[in-house]
Every structure is written in C-alpha cells, then in structure tokens.
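> predicted model, plus sequence, below.
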Amino acid sequence: MGTNYNYCLMQENREKDYESITPFSESHSEFLNKLENIYTGPKHCIGTFHDKLYIWGETNVDFDQEDENGAKWEVVPLPDSKDTSTFNKSACKEMLLDIPLSITFHERVKQVSIGFDHSLLVLENSNFVYSQGIGKQGELGLGDQTKAGVFKRISTEFSQGVRSVKAGVKRSFLITQDFQVYAWGTTDFAKKINVPQHFKELDEHLITDIVLGFKHNWYLSRNPEGEINSLLCSGDNKKGQLGFDSSRKSTSLEMRSELLKNLEKLGIQKVDIQCTWNSTIILGMWGETQVVLITGSTKYGVVDPEKDLLLLDSDKVCNKEDFEELKYFYLKDLGEELNNSGITKFLTLNESFFVVTEKNEVYGWGWNEHGNLGVGTLEDESTPTLITPNVKNIYGNGAYTIINYHDD
Amino acid sequence: MADALGDDIVDIYDEVEIEDMEYEDGILYYPCPCGDRFQIPAESLAGGEKIATCPSCSLKIEVIFELDELNETLTDLAGEPISVC
Ligand SMILES: [Zn+2]
C-alpha cells in the first residue's frame, strides 16, 4: 500500500496511490516470498537470497557495467508483469524498475543497507564493502566516482572484519568487528568525504549500532544481553529530534548518559531507539506496559496534541525536575490493546509508524498522504489504528508499505 | 509568483540552507521524505521565490539564501560558473 511513484510496489500504474491493502499478483508474491531478506529504501528496494541480490524501484543500474567478478544485471521474469522481452536495457540508467533485476555474487550476501540514492552491501567472508547508486556527496565511498551502476568495491580493506553498514541520506557508516566506526559522505562533522574515514572519537565507546534520521544520528553500544550501555548523538536538532530544546539547531558528537539514566530512574526498561526523518522514538517497557516516547517533528499525526502529553506533564511523573533529559519527549497514547501487547517489530517510514504485536496484528499511525497506512484513506492518522491481522512481517520506507502475511 | 503574506502562508515541512541542496541543470534539489525530491529552478530563486515543491506530494520546503550571494553560492554548488541574477 502507499505510493508506487518509484515502482517500489512493482505495480504497473506508477501514478496510483494504493490506500487500501492490495494483494500482489501470484508471481510477485512468489518472488517476494522466496527472498531471505527484504530491505526497503525511500526510492528502491533490495531482496537477497544466498548469493543473489534483487533490486527494484528507482535506482541507478547500468546493464553495460560489470562488478569485480564480471557479473551483470539480469532481468527477473515475472509472468504477471509486463512482457520483459521489450525491456529496454540500453536505457537502463537511473531506471524506474517495475520488475526486479538480479545479480549473482560468489559469496552469500551478509547485509544490505539502503540510503536515499545509494545502497551498501557486505558479503560473507569479505573485508570489503560494496556500494551502488548515486552519491554526489561522496556517500558511495568510491573516491571521485559519483555513480555506480553495479555494486562497486570500496578500496578500503577492513582487516578487522565488517560487523555492519548503515546507509543514510547522503552519508554512510560502517562498524568493524572490533567496534571501530568509519564514516563517509556528508555528515554533521565533515562534508563530501568520498572514502571511508575512521571516526576515532567513537573508538572508546565500542559502538554496536547506528540509528539514523534524515540528519540526526544515534550511536549505541549494547552489551551481549542487548541492553544499551552507552549512547551518543550528533546532527540536527532543529525540530527537537535529538531531545534538546529546538533553539539548539544541531550538535556535534555528544554523550547521552543522562538520558539513559533518566529512563532507568523512571523505571523504563528494554530501551530501544528508532528514528523517522525528523524525530526520535524511544521504545521500552514501563513495568508491564509498552511505551513509545517521541521527540522532534509532531506534525502529520506523529503526535496527537489532544491525547499525547509531554511525558513530564502526564500524571505518571511526579518530580519533573529529576527528568530534565526527557523534557521534550511525548508519551504516545497507544491505546489499551497496544499498551498491553508485546511488540515484535517497530517500523518507521519517513513520517509514519507501524507496530507488529505478538498476536501478529499490525497497528499504524502518522503521515498518510499516499495511503501508506493502508487504512483506505489518504488522511493522516494520529491514533494507533489496527490495520490488519495475521502479519508475518512488514517492510516500507518513504511513503509505501509491503506486508507479508502468514500462509493460513 | 512569490507567495503572498497572510492566508497564503504555506505549511512548510522544513527550512533548508541552499548550501545543503544539490544543483543540476539549472534546478536545485533536496530529498523529500516521500522518496521524491523537492525542486526549484535557480532562476525562481533569483526572482524572489523561496518555496521548493515536491512533484509527488504536498510537502514544501523554504530555501534559505542570500540574494546578493546567489550567483556565488550556485557556482560553488555546481562547480562551474552560474549566473542567474
Ligand atoms: Zn514528496
């Protein structure tokens, strides 16, 4: 559901918004179901299966280019799609792909991360990272090269091994197996860095995860139990998305230990952090209750001014002065049903949210201009609304959503 | 036409410094959260327009720039001499 503008939904009609949940055709379903992983960016999608990678949507692919192993893109025929024999390969640059293309690597695909115009790829047993797409700010990491029509190897070798990559809008991050962070592209600390650069200030914090908004960044260090031990942030705060007073437009790297301590003192456990483009979401358990705290952009139904109070204005917090770091966070009114359900997945599109519960139900709220919430309207929705049951997984970004249902 | 004051004040998604935009063939671009790009011709900026729109959705941004430094800024962005005013 949502916009098919970039063909991320692979439907023939590019102009149409799908405001109701619309089933994929049989061959599309079959294709999507056999993928091991699906990664969704604002403009394009990538699916992986063992050593194969599939790409569709709006992206820069070039049929004339080969990767380091001589592999090229191939069209994936889907019988329900338009006739692929007429597919114009020569025009295949910055394409709108309504049918997937595939490429085969000789190693299993370990991880993919999608930014805005670019994607990053890590292969199993490789100390290199590969990038594809367009990157005028250096986010490809390929030196002067601003376009890559296939996945090209970034020349830096990470002999410590690659733990994960994270592509953002105009920027890229990498975490090595020994917790060093590398960054390239345009970030809040450097502009147009076109090869990976070691972000030494983070070394002592043993970063394990990076969570990115449009222009704000969170750096997390988790212990083996998955709890966040150490938290830092940097980037834009124009809309209060880092939880500071919005008169403070941005920040360079800053420790947020006090924020973690405030959450702990309040009794919020199992803390996790996510971002939309212009907000930060803290998820956690407050006793038996699931809580969602939001700071930053409050428009487009993200926050309901009637029902969602600033956390410190709610009657649950007595001595406000002890929780200075939580001052700008709203406590989202999830409704009784969601408050008491375990959350198995929390997905953010660029200004909207989905929650999958332990009962496999999906709830959503936020920006819905393209019908991306799948509730049958194009109106923003500020109340978490039950969208559909029986959900196995949900994917999406920008203004589109893909749901994978359980078989029965 | 420049936006009138009063009732016509548009709902602005974000305010963006011109230095953060990308220049391509006379047009300035900036990523839109819907997956498309906000855009505005450089010449419109020279004419006093400040609102960049997205062809795919209703969101708009306001471009922050100094009119008397516009040519210089565009030249920096384009990497070649640009003159629009
Ligand atoms: Zn848009």
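Received the coordinates, thanks. All values reported here derive from a predicted model rather than from experimental measurement.
> beta partners of residue A:211?
For residue A:211, the beta-bridge partners are residue A:218 (DSSP bridges).
> who's in contact with residue A:278?
By CB atoms under 8 Å, 6 or more residues apart in numbering or on different chains, the contact set of residue A:278 is A:213, A:214, A:239, A:241, A:296, A:297, A:351, B:14. All C-beta atoms are positioned from the backbone trio N, CA, C, and that covers glycine.
> now it: closest residue in space, sequence neighbours ignored.
Once flanking residues are discounted, residue A:278 sits nearest to residue A:297: 3.7 Å by CB to CB, 6 or more residues apart in numbering or on different chains.
> one step back: any idea which of the contacts of residue A:278 is closest to residue A:22?
residue A:351 (21.5 Å; CB to CB).
> for the residue of the stretch 201-350 of chain A found nearest chain B, which three-state class applies?
Residue of the stretch 201-350 of chain A nearest chain B, by CB to the nearest CB: residue A:350 (3.4 Å). Of the three states, residue A:350 takes coil under DSSP: H, G, I helix; E, B strand; the rest coil.
> one step back: roughly how far does the residue nearest to residue A:278 sit from residue A:79?
43 Å (CB to CB, to the nearest Å).
> in the helix or strand hosting residue B:63, which residues are buried?
Per DSSP states H and E, residue B:63 falls inside strand B:60-64. Going by neighbour count (16 or more other CB atoms under 10 Å in any protein chain shown), the buried part of strand B:60-64 is B:60, B:61, B:63.
> same question, stretch A:265-272
A:266, A:268, A:271, A:272.
> got those residues as TSV, with distance to chain B columns?
Shown next, in TSV, are the buried residues of stretch A:265-272 (distance: CB to the nearest CB, whole Å):
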residue	distance to chain B
A:266	31
A:268	28
A:271	26
A:272	22
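> residues of chain B that sit close to chain A?
B:14, B:15, B:22, B:31, B:33, B:34, B:35, B:36, B:56, B:57, B:58, B:59 (CB under 8 Å from any CB of the partner chain).
> which residues touch the closest residue to the ion within the stretch 301-408 of chain A?
Across the stretch 301-408 of chain A, the shortest distance to the ion (CB to the ion) belongs to residue A:399, at 7.6 Å. Contact analysis of residue A:399 by CB under 8 Å, 6+ apart lists A:2-3, A:5, A:349-350, A:367, A:369-370, A:372, B:33-35, B:57.
> now render the buried residues of strand B:60-64 as JSON lines, adding pLDDT and distance to residue B:74.
Listed next are the buried residues of strand B:60-64 as JSON lines, based on pLDDT from 0 to 100; distance: CB to CB, whole Å:
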{"residue": "B:60", "pLDDT": "96", "distance to residue B:74": "21"}
{"residue": "B:61", "pLDDT": "96", "distance to residue B:74": "17"}
{"residue": "B:63", "pLDDT": "97", "distance to residue B:74": "12"}
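> how about residue A:35, nearest residue that isn't a chain neighbour?
Among residues not flanking residue A:35 along the chain, residue A:47 sits closest, at 3.8 Å (CB to CB, 6+ apart).
> could you give the backbone dihedrals for the one you found?
The phi/psi pair for residue A:47 (degrees, to the nearest 10) reads phi -120, psi 150.
> if we ignore the residues flanking it in sequence, what's nearest the residue of the stretch 151-300 of chain A found nearest the ion?
For the stretch 151-300 of chain A and the ion, the shortest gap (CB to the ion) falls at residue A:277, measuring 11.2 Å. In this structure, residue A:277 finds its nearest non-sequential neighbour in residue A:214, 3.9 Å apart by CB to CB, 6+ apart.
> need the contact list for the one you found.
So, once contact is read as CB under 8 Å, 6+ apart, residue A:214 ends up touching A:168, A:169, A:236, A:277, A:278, A:350, B:31, B:33.
> from these, which land in strands?
The members of the contacts of residue A:214 that map onto strands under DSSP state E are A:168, A:236, B:31.
> bridge partners for the first one, pull those for me.
Think residue A:168. Counting by DSSP bridges, the residues bridging with residue A:168 are residue A:171.
> mind listing what it touches?
So residue A:168 contacts A:115, A:116, A:139, A:185, A:212, A:214, A:217 (CB under 8 Å, 6+ apart).
> likewise residue A:149?
Going by CB under 8 Å, 6+ apart, residue A:149 touches A:60, A:61, A:62, A:63, A:64, A:65, A:93, A:132.
> in CSV, list the C-alpha atoms belonging to the helix or strand the last one falls within.
Using DSSP H and E, the element containing residue A:132 is strand A:129-134. The C-alpha coordinates for strand A:129-134 follow below in CSV (Å, rounded to 0.1, in the frame of the first residue of the first chain):
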residue,chain,number,x,y,z
VAL,A,129,32.2,-3.1,1.4
TYR,A,130,30.4,-2.5,-2.0
SER,A,131,28.3,0.4,-3.0
GLN,A,132,25.8,1.2,-5.7
GLY,A,133,23.7,4.1,-6.9
ILE,A,134,24.4,7.9,-7.0
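> quickly run through the sheet partners of that strand, with directions.
As defined by DSSP bridges, the strand partners of strand A:129-134 come to strand A:118-123 (antiparallel), strand A:147-153 (antiparallel).
> which among the ones you listed is found nearest to residue A:390?
Residue A:390 lies closest, by CB to CB, to one member of the strands paired with strand A:129-134: strand A:118-123, at 30.6 Å.
> what does the closest one rub up against?
A:39, A:41, A:44, A:46, A:53, A:55, A:59, A:105, A:107-114, A:129-135, A:139-140, A:148, A:151, A:162, A:164-167, A:172, A:174.
> from the residues you listed, keep the buried residues only.
Among the contacts of strand A:118-123, those buried by neighbour count (16+ other CB under 10 Å) are A:39, A:41, A:44, A:46, A:53, A:55, A:59, A:105, A:109-114, A:129-135, A:139-140, A:148, A:151, A:162, A:164-167, A:172, A:174.
> how about low-confidence regions in the stretch 301-408 of chain A?
Scanning the stretch 301-408 of chain A with the threshold set as pLDDT under 70 gives A:408.
> where along it do the strands fall?
A:309-310, A:330-331, A:343-348, A:352-357, A:362-366, A:381-388, A:391-397, A:400-405 (DSSP state E, counting those that start in this stretch).
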